[in-house]
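> Turn this into a structure:
(4 chains)
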There are 2 protein chains.
Amino acid sequence: MNRPYSKALKCLQDFGLRPTRQRLALAKILFDGDDRHVTAEVLHNEVNGTGAKVSLATIYNTLHQFTEAGLLKEVILDSNRTYFDTNISDHHHIFFKEDEILADLTSEDLVISSLPEVPEGKKISAVNVVIHMENS
Amino acid sequence: MNRPYSKALKCLQDFGLRPTRQRLALAKILFDGDDRHVTAEVLHNEVNGTGAKVSLATIYNTLHQFTEAGLLKEVILDSNRTYFDTNISDHHHIFFKEDEILADLTSEDLVISSLPEVPEGKKISAVNVVIHMENS
DNA sequence: ATAGCTGCAAATGCTTTGCAAGGCC
DNA sequence: GGCCTTGCAAAGCATTTGCAGCTAT
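Numbering: from 1, shown residues only, chains lettered A, B, ... in the order given. Modelled structure (predicted):
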């Protein structure tokens, strides 16, 4: 492929985000391949390993901008880490404790057959499900 | 009732925790009534409002001791707050965003009819479900 | 007496922010 | 040029920890 940034570039342009060097580097890692589940720290190490220098503060800012733009979803796992998921469809997660790996569940893997009644004047804004696995 | 600490005292004794003034005050608030969902901060304000003085560090330590003893369950909601739940049965939660209220769901409110296959050598250690409600 | 508990204050770890310098259009 | 973006360092916040003094048994 001779246009290695095309996908990343398009993402940014589509959402009115100025394609700076830092945003391109991050978008390339996040969107030019399979779905990813990253923490700010992992992404920081990864992007700086490629030679591009992006500060941690900018990683955080950019992850939140991408999330606001609808390019990412935040996943709450535990109180120490925020994961960002490039799969923005409605889906659930499985977390492997020892490996610290977060993965998607398909709609076949987990089925919720009944949800609580929604009170007047309220709406469901999210249904967060995380299955925690550990070594037996 | 002329033995206002009986229930709290029993909890502590049953789990081999020395019934100190601080632990009794916290156990009384947590276990002498309906199920509660508290954060360390809320519990701190509440217990100090009763006249008992308990430091925030001790609140945290005690909440974790109670959790390890099986008297409480930790509930992960978002990355800013850890809630502790006195309902230790297997159940799910609903969170009302504007009111910052966390409540239990019964097994009728939410039904999970299928779980993912468990890989060899692994086991499910938790199934965390939180329905987020907001004003519509 | 002594092992365990508490409180304070300092440390930690992740995340956010203020602001001056730099980059994109 | 002008506005947006970045990077650094400092601040923030919830939580944890070290340690000296206290307390239940």
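> Name the residues of chain A found near DNA strand D, please.
Within chain A, the positions lying close to DNA strand D (CB under 7 Å from any atom of the strand) are A:17-18, A:20-23, A:53-55, A:57-58, A:61-62, A:79. Heads up, the C-betas are built off the backbone N, CA and C, glycines and all.
> So the host helix or strand of residue A:130, near chain B or not?
Take DSSP states H and E as the rule and residue A:130 turns out to sit in strand A:122-135. Yes: Strand A:122-135 reaches chain B (CB under 8 Å from any CB of the partner chain) through A:122-135.
> Kindly identify which of the residues of chain A next to DNA strand D also come near chain B.
residue A:79.
> hang on, the earlier thing: okay if I get the residues of strand A:122-135 next to chain B as CSV plus neighbour count and pLDDT?
Formatted as CSV, those follow (neighbours: other CB atoms under 10 Å in any protein chain shown; pLDDT from 0 to 100):
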residue, neighbour count, pLDDT
A:122, 16, 94
A:123, 11, 95
A:124, 14, 94
A:125, 13, 91
A:126, 15, 90
A:127, 14, 93
A:128, 20, 93
A:129, 19, 94
A:130, 20, 94
A:131, 23, 94
A:132, 17, 92
A:133, 22, 93
A:134, 14, 90
A:135, 11, 90
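> residue boundaries of the helices in chain A?
For chain A, helices defined by DSSP state H occupy the ranges A:6-14, A:21-31, A:40-49, A:56-69.
> Tell me which of these lies nearest to DNA strand C.
DNA strand C lies closest, by CB to the nearest atom of the strand, to one member of the helices of chain A: helix A:56-69, at 3.2 Å.
> shaky segments in chain A?
Residue ranges of chain A with pLDDT under 70: A:1-6.
> Who are the contact partners of the residue nearest the centre of chain A?
Geometric centre of chain A, nearest residue: residue A:85, 1.8 Å, by CA atoms, centre = their mean. By CB atoms under 8 Å, 6 or more residues apart in numbering or on different chains, residue A:85 lies in contact with A:35, A:36, A:37, A:72, A:73, A:74, A:75, A:93, A:102, A:104.
> Please report how far the fourth one lies from DNA strand D.
So that's residue A:72. 15 Å (CB to the nearest atom of the strand, to the nearest Å).
> so residue A:63 touches residue A:44, yeah?
No: if you go by CB atoms under 8 Å, residue A:63 and residue A:44 don't touch, sitting 10.2 Å apart.
> ok, back up a step: of the contacts of residue A:85, which is the nearest to residue A:113?
residue A:93 (18.9 Å; CB to CB).
> Spit out the contact partners of the closest one.
So residue A:93 contacts A:75, A:77, A:85, A:102, A:103, A:104, A:105, A:129, A:130, A:131 (CB under 8 Å, 6+ apart).
> Just flag the most distant two among the residues you listed.
The largest separation in the contacts of residue A:93, counting by CB to CB, is between A:85 and A:131 at 15.0 Å.
> If you count neighbours, what's buried in stretch A:93-100?
For stretch A:93-100, the neighbour count (16 or more other CB atoms under 10 Å in any protein chain shown) marks A:93, A:94, A:95, A:96 as buried.
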